[in-house]
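Q: Here is my input; please provide its structure:
(2 chains, ligands or ions: 2)
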Amino acid sequence: MKKEIICTVCPRGCAITVEGGDGKVTSIEGNGCKRGLSFAETEFTSPVRLLTSTVRVAGKENELLPVRTRTPILRDKLFDVMNAIRATTVTLPVKQHDVVISDVCGTGVDVIASRDME
Amino acid sequence: MYTIQCDVAVVGAGPAGLAAAVAAKENGAARVLVIERDNAPGGILQQCIHPGFGLTRFNEELTGPEYYSRFTEKAEALGVEYLLDSMVLDVDADGGKVTCVNGKYGVTNVEAGSVVLAMGCRERTRESIVIPGSRPAGLYTAGSAQRLINRQNIMVGKKVVILGSGDIGMIMARRMTLEGAEVVMVVELMDYLAGLTRNRVQCLDDFGIPLRLGHTITRIEGEKRVTGVYVAPVDETKKPIAEKAEFVPCDTVLFSVGLIPENELTRKASIAIDGKTNGPAVNQYMQTTKPAVFACGNVVHVNDLVDNVSAESEQAGKYAARYAAGKFPAAKGEAVCKPGANVRYICPQKIVLSDEAEKVNLYFRVLSPARDVTLRVRCGDTILAQKKEFRVNPGEMNSIAVNTADVADGEIVVEVM
Ligand SMILES: Cc1cc2nc3c(=O)[nH]c(=O)nc-3n(C[C@H](O)[C@H](O)[C@H](O)COP(=O)(O)OP(=O)(O)OC[C@H]3O[C@@H](n4cnc5c(N)ncnc54)[C@H](O)[C@@H]3O)c2cc1C
Ligand code: SF4
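A: Ligands and ions are numbered 1, 2, ... in the order given. Here you go, the predicted structure:
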């Protein structure tokens, strides 16, 4: 399998061509620097993304708490984690970086609060 | 009338106002008051729940709320005061007086040694770009949709077309997809992306959302609610090719067609506005044409990165504090910053020369995309600064630093070749 990946590590935005299959990379071409290598490899085998969203707040109809995954999660898990976030309601007060959902969907990553809320 | 006295009054508690207030305190202003119409500080970043803030300033990737909390925490520690739920109606530029209306005190007068304007910007609407058709429900600017979804828990639609490939539009494409809506396409008039490539990858490509470059919406259909739009390619003169228009069913259209600095107060105060930035013309101290009034952030020129906003706002806060204390640098001359080849505008528009030599960042935007270029500042034939850039793009602001000690009376030119 051949895939074109645009490197997002720096603003240069190299178009990197990665070849391989079964989660293995056989060749990488077009990266302007070393950082592009590991980026392209991860992006080819198992891309990860930071997910941000909001959760409902108990007793407050029109307020939402912004949340994020502490670290990036597998891109394939984004919609599963969104469902878990949608099923969650927090009780105030909450402090910034408090855990809102621990080990969300078995990713090993917590969903945490992006801000304080009282 | 209720009257408050302070050294520095700041209008707007977005990232610009917050950074200015903190810097004013750090530079000796005893009483700093931030006046904000919203019920909390943070400005537009309260609804920007996505990551991508702070990469240059803090070297880490923060969400909007995490970014502004770094400043509200500092502001609190330094004793910056807020007047929230207060809409500023008038700035008396010569007298340093700010009039606002507050739910508790009614019409309130703030008397200050200096004033910092940090009102941010608002979005261009469908009206300001003129698209024919009916006026059904389901039309939003991308930012108002962002506010409804991220702060008020109101989902705006199920099947969405977005006009404009700016960052806010792309970020909303991802947000709405994650919330279960179908984003049919993003339509962009120009033949290049308006926002950052990184956002195209992570907001559009990740979810298979098509991007139609060189296209526009020619008509909106629907009686009560939007039922669809006509999308057509454009020719070299950006005129839609009507025969090629296709009907795209949708129930919602988001407009992400640019931002305009919010300058009603500035105009009313007779402060000179730069016709290209639509914001007040400033010098390197972020001082407007009225000496007691400073300005920073999106009210001056539309920024794509909040990190730059914080940097220029600290400059505004610092010099507003010095002005209020009567310790402002004495001017010995000035140089006008003139846009040269492929440069649309420069901020600051003017450099004041004094006995205090300092490094000044000139922020500017190019007119059209280019590769392998040199950014250069010159004063006549003398080159004051230059650097190479792999790529420039109107959507990404550039900057280059000059030392005021090298600048002579007259003008300096910034050019990209
Ligand atoms: C919808 C939207 C989304 C954006 N998304 C991003 C992004 O993803 N990443 C990024 O880096 N940048 C983004 N930006 C740009 C971002 O706005 C700036 O980087 C930054 O927020 C500008 O800060 P500011 O303080 O100048 O303006 P703002 O954050 O807009 O703050 C201005 C403040 O002034 C207040 N105000 C205005 N008029 C008055 C008045 N008369 N009286 C009292 N208070 C007043 C407003 O209520 C507001 O709180 C976005 C901008 C918009 C409009
Ligand atoms: S490969 Fe290197 S130079 Fe190219 S975009 Fe990635 S980080 Fe930048």
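Q: hmm, who's touching stretch B:49-57?
A: Contact partners of stretch B:49-57, identified using C-beta atoms under 8 Å, 6 or more residues apart in numbering or on different chains, comprise A:50, A:52-54, A:66, A:68, A:114, B:45, B:60-67, B:70, B:150, B:171, B:174-175, B:198-199, B:305-308, B:310-311. C-beta coordinates here come from the backbone N, C-alpha and C atoms, glycine included.
Q: Among those residues, the buried ones, what's the PyMOL command?
A: The buried subset of the contacts of stretch B:49-57, as determined by 16 or more other C-beta atoms under 10 Å in any protein chain shown, is captured in PyMOL by this line:
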select buried, (chain A and resi 50+52+53+54+66+68+114) or (chain B and resi 45+62+63+64+65+66+67+70+150+171+174+175+198+199+305+306+307+308+310+311)
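Q: Now B:Glu246: closest residue in space that isn't a chain neighbour?
A: B:Val231 (5.7 Å; C-beta to C-beta, 6 or more residues apart in numbering or on different chains).
Q: Quick check, pLDDT for B:Gly103.
A: What the model reports as pLDDT for B:Gly103 is 86.
Q: And for it, the neighbour number?
A: 10 (other C-beta atoms under 10 Å in any protein chain shown).
Q: got the phi/psi numbers for the closest residue to it other than its chain neighbours?
A: In space, B:Gly103 comes closest to B:Asp85 once its chain neighbours are excluded; the distance is 5.1 Å by C-beta to C-beta, 6+ apart. Phi and psi for B:Asp85, reported as degrees, to the nearest 10, are phi 50, psi 40.
Q: thought B:Asp85 was touching B:Asn39?
A: Yes - shown here, B:Asp85 and B:Asn39 form a contact pair, counting by C-beta atoms under 8 Å, at 5.6 Å.
Q: Those two: which has the busier surroundings?
A: Legend: neighbour count by other C-beta under 10 Å for B:Asp85 and B:Asn39, higher for B:Asp85 (16 against 8).
Q: Contact partners for that one?
A: Counting by C-beta under 8 Å, 6+ apart, B:Asp85 has contacts B:36-39, B:102-104.
Q: B:Asp90 now?
A: For B:Asp90, the residues meeting the contact criterion (C-beta under 8 Å, 6+ apart) are B:98-99, B:265, B:268-269.
Q: Now do it against ligand 2, distance only.
A: As for B:Asp90, its distance to ligand 2 is 49 Å (criterion: C-beta to the nearest ligand atom, to the nearest Å).
Q: can I assume that residue sits in a strand?
A: Yes - per DSSP: H, G, I helix; E, B strand; the rest coil, B:Asp90 lies within a strand segment.
Q: Bridged to it, which residues?
A: For B:Asp90, the beta-bridge partners are B:Thr99 (DSSP bridges).
Q: From ligand 1, how far off is it?
A: Between B:Asp90 and ligand 1 the computed distance is 9 Å (C-beta to the nearest ligand atom).
Q: where along the chain do the helices fall?
A: Unless you meant another one, I'm taking chain A. Assigned by DSSP state H, chain A shows helices spanning A:34-45, A:78-86.
Q: was after chain B, sorry
A: In chain B, helices defined by DSSP H lie at B:15-26, B:64-78, B:126-129, B:142-152, B:167-178, B:197-199, B:264-268, B:306-324, listed in chain order.
Q: Need those in CSV (columns: distance to ligand 1 and mean pLDDT).
A: As requested, those are exported to CSV (distance: least, C-beta to the nearest ligand atom, whole Å; pLDDT from 0 to 100):
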stretch, distance to ligand 1, mean pLDDT
helix B:15-26, 3, 98
helix B:64-78, 7, 97
helix B:126-129, 14, 64
helix B:142-152, 3, 93
helix B:167-178, 4, 95
helix B:197-199, 9, 86
helix B:264-268, 6, 95
helix B:306-324, 4, 96
